[in-house]
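Undergrad: Give me a model of this one.
(chains A and B)
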2 protein chains.
Amino acid sequence: MLHVPEQVTIREVGPRDGLQNEPAEVPTEDKIAWIDSLSETGLGYIEISSFVHPKWIPQLKDAREVAKAIKRHPDITYAALVPNKKGLEAAIETGVDEVSVFMSASETHNRKNINKSIEETYPVLEEVVKEAKQAGKTVRGYVSTVFGCPYEGDVEPDKVFQVGNRLFEMGIDELSLGDTIGVADPKQVDSFLANMDGRIPFSKAAMHFHNTSGMALANVLVSLERGVTIFDGALGGLGGCPYADGASGNLATDDLVHMLERMGIDTGIHKGKLTDAAAFIQEKIGIELPSHQMQMFNRKGG
Amino acid sequence: MLHVPEQVTIREVGPRDGLQNEPAEVPTEDKIAWIDSLSETGLGYIEISSFVHPKWIPQLKDAREVAKAIKRHPDITYAALVPNKKGLEAAIETGVDEVSVFMSASETHNRKNINKSIEETYPVLEEVVKEAKQAGKTVRGYVSTVFGCPYEGDVEPDKVFQVGNRLFEMGIDELSLGDTIGVADPKQVDSFLANMDGRIPFSKAAMHFHNTSGMALANVLVSLERGVTIFDGALGGLGGCPYADGASGNLATDDLVHMLERMGIDTGIHKGKLTDAAAFIQEKIGIELPSHQMQMFNRKGG
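TA: Residues are numbered from 1 along each chain as shown, chains lettered A, B, ... in the order given. Below you'll find the model as predicted:
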């Protein structure tokens, strides 16, 4: 028999990791309405935006307005990405529950993305994590390029564990391990997780897959078999639209929930309400979402 | 460590199961050229067409012309679907190497598809298998709706094993187990295969998945873990175009090969030549193929 957990926690990253990779700029009031509809689905965690400079991600330039206007459900953690102290201040001011910091496991990707070496990144994040904790926030750490780097190719699992442990030493509450470019295969994920055992706490590790090569759900499956219980998803596969150039394809929350529920694994999520929320944002961005669930929904005439 | 086979055999069903579900009618000479290009990829098996009445599947009305004109590679088995004695005669006359017979594990689907009850179907197939073997052909048996029926819902695994065993008693050489409507999830597949152990020979069983819900590769993965070594695929995901109404989405051969090769599992297939063959048929049917490999290919500008 397949040994998999009975319950899985899903972190919805669509409003941040999804929208930041869509060419369409969604009006602020639509983002707010969408996040409010996500709050009705049973999700316990929504990453609502990113407090980065609008020069880098113009799609999320309204992070403050969004964070201030959304309806807060007491059982839901509302999180936002922060690159530095300035971003953290905005996050604290707007009252998000959790902040996310990020860096790469590969030197070149980290440098291209953050404009610093890995060593230079640590003190910046250390300060952010420290102040976030002092402000009573929980903190999530994202590590990118865990299974491969667009510039360097293979990434050593040891390097990932090293970065992850530094982040835990700083005080992060959860680590999200990202297959940024969607290259991981199930054998690689299985071997990575076998390696991780005893080095990174599984109860605080989330897998963040992209479906670029169609292997995301197969990678979820081996992760489940290894005891992972936290997964990131972007509703509808937002951010990986097949019409956008170089799209990297987030794992779709709705496809993930569908598979887990079919397997008898409880996610606490209401599928019908999830579809409503996906249909809403699909209409706003004006292109068909790539998830299989939404493709079926669209074929039935929506 | 993940226990999976070192080698996997792929049966290419695109020219039959793919094209019969595409709205476009591909000119005969293009089908021939496409099958000839498939013969260069390293595939050991190509199902080239179906000798059913053109009233049912007009897309494949040129089965005879195709079977006669393709270049035969001595290491490749060229197969065709036959519904009855008349179809078998055409298959023998045109010199295909293998014939495929088909039926459903669910009564209603069998009746809607073949216009006979399951019991009434057996003698028809028995005669076809017998005569095919007498003519020196190998025979493949397809069982549909193995993991669910569009009319009846759940299908009992025992019913599938019963149908499968009747087909083996008739003399089929291989059984293809089809998730016709693409509903199977990994837990269901795992439990089905655990049940199958000792009842159907794994060395003669192929899994035939559809990617309707995006779980096909995850289902392949659990099948590999259970020791399955034969999988059906349709190049580019042909037959499951997202633009076609009610498309059921064949597992894409190119996505399957990509995952297997990444996992270090030998398929004997040349990925570059597979892409060439996919690009060829994509141009002929005039729509973008839905496989992840082809989506990436198309984004790069083909």
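
Undergrad: Who are the packing partners of the helix or strand hosting A:F297?
TA: Element membership for A:F297 (DSSP states H and E) is helix A:292-299. When contacts are defined as 3 or more C-beta pairs under 8 Å, 6 or more residues apart in numbering or on different chains; DSSP states H and E, helix A:292-299 packs onto helix A:253-262, helix A:271-285. Any C-beta I mention is one placed from the backbone N, CA and C, and that applies to glycine too.

Undergrad: mind listing what's buried in it?
TA: Within helix A:292-299, the residues that count as buried by 16 or more other C-beta atoms under 10 Å in any protein chain shown are A:292-297.

Undergrad: what's the answer for stretch A:253-266, then?
TA: Judged by neighbour count (16+ other C-beta under 10 Å), stretch A:253-266 contains these buried residues: A:253-260, A:262-263, A:265.

Undergrad: Residues in contact with the helix holding A:F297: which ones?
TA: Residues from elsewhere that reach helix A:292-299 (C-beta atoms under 8 Å, 6 or more residues apart in numbering or on different chains): A:236-237, A:252, A:254-255, A:258, A:275, A:278-279, A:282, A:288-289, B:211-214, B:242, B:245-247.

Undergrad: could you dump the buried residues of helix A:292-299 to CSV with distance to B:G178?
TA: Below are these laid out as CSV (distance: C-beta to C-beta, whole Å):
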residue, distance to B:G178
A:H292, 18
A:Q293, 22
A:M294, 25
A:Q295, 21
A:M296, 19
A:F297, 24
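
Undergrad: Output those residues as CSV; include the columns pLDDT and distance to A:V146.
TA: Supplementary listing: these in CSV, determined by pLDDT from 0 to 100; distance: C-beta to C-beta, whole Å:
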residue, pLDDT, distance to A:V146
A:H292, 93, 25
A:Q293, 95, 26
A:M294, 93, 27
A:Q295, 89, 28
A:M296, 90, 31
A:F297, 93, 31
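
Undergrad: quick one on the thing from earlier: and the helix holding A:F297, C-alpha only, in CSV?
TA: Below are the C-alpha coordinates for helix A:292-299, written out as CSV (Å, rounded to 0.1, in the frame of the first residue of the first chain):
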residue,chain,number,x,y,z
HIS,A,292,-6.4,20.8,-15.8
GLN,A,293,-9.4,21.6,-13.6
MET,A,294,-9.9,24.9,-15.2
GLN,A,295,-9.4,23.5,-18.7
MET,A,296,-12.3,21.1,-17.9
PHE,A,297,-14.3,23.9,-16.4
ASN,A,298,-13.8,26.0,-19.5
ARG,A,299,-14.7,23.2,-21.9
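
Undergrad: Of all the helices and strands packed on helix A:292-299, which one is nearest chain B?
TA: When those are compared for distance to chain B using C-beta to the nearest C-beta, the nearest one is helix A:253-262, at 3.8 Å.

Undergrad: so how far is that closest one from its chain's centroid?
TA: 16 Å (C-alpha atoms, centre = their mean, to the nearest Å).

Undergrad: now for it, which elements pack on it?
TA: strand A:9-12, helix A:216-225, strand A:230-233, helix A:271-285, helix A:292-299, helix B:186-196.

Undergrad: Kindly recompute the last result at 7 Å.
TA: The contact analysis (3 or more C-beta pairs under 7 Å, 6 or more residues apart in numbering or on different chains; DSSP states H and E) places helix A:253-262 against strand A:9-12, helix A:216-225, strand A:230-233, helix A:271-285, helix A:292-299.

Undergrad: looking at these, which is buried most?
TA: For those, average neighbour numbers computed from mean count of other C-beta atoms under 10 Å in any protein chain shown are highest in helix A:216-225, which has a mean of 28.

Undergrad: Assign A:M103 to helix, strand or coil.
TA: Put simply, A:M103 is strand when judged by DSSP: H, G, I helix; E, B strand; the rest coil.

Undergrad: Test my guess that it contacts A:T121.
TA: Yes. Assessed by C-beta atoms under 7 Å, A:M103 is found in contact with A:T121 at 4.8 Å.

Undergrad: intersection of neighbour lists for the two?
TA: By C-beta atoms under 7 Å, 6 or more residues apart in numbering or on different chains, A:M103 and A:T121 have these common neighbours: A:110, A:114.

Undergrad: quick one on the thing from earlier: which one of the buried residues of helix A:292-299 sits closest to chain B?
TA: Lowest distance from chain B to the buried residues of helix A:292-299 (C-beta to the nearest C-beta) belongs to A:H292, with 3.9 Å.

Undergrad: Give me the distance between the nearest residue to the closest one once chain neighbours are set aside and B:V4.
TA: The shortest distance from A:H292 to any non-neighbouring residue, by C-beta to C-beta, 6 or more residues apart in numbering or on different chains, is to B:G214 (3.9 Å). B:G214 sits 21 Å away from B:V4 when distances are taken as C-beta to C-beta, to the nearest Å.

Undergrad: Which of those two has more residues huddled nearby?
TA: Neighbour count, other C-beta atoms under 10 Å in any protein chain shown: between B:G214 and B:V4, B:G214 has more, with 27 against 22.

Undergrad: Give the full set of residues in contact with the more buried one.
TA: Neighbour list for B:G214: A:217, A:255, A:292 [criterion: C-beta under 7 Å, 6+ apart].

Undergrad: List phi and psi for it.
TA: phi 80, psi 10 (degrees, to the nearest 10).

Undergrad: Neighbours of A:S37, how many?
TA: Neighbours of A:S37 under the rule other C-beta under 10 Å: 18.

Undergrad: where's it, which helix or strand?
TA: Going by DSSP H and E, A:S37 is in helix A:28-38.

Undergrad: tilt between that helix and helix A:253-262?
TA: Relative orientation of helix A:28-38 versus helix A:253-262 (axes from the mean of the first three to the mean of the last three C-alpha atoms, to 10 degrees): 0 degrees.
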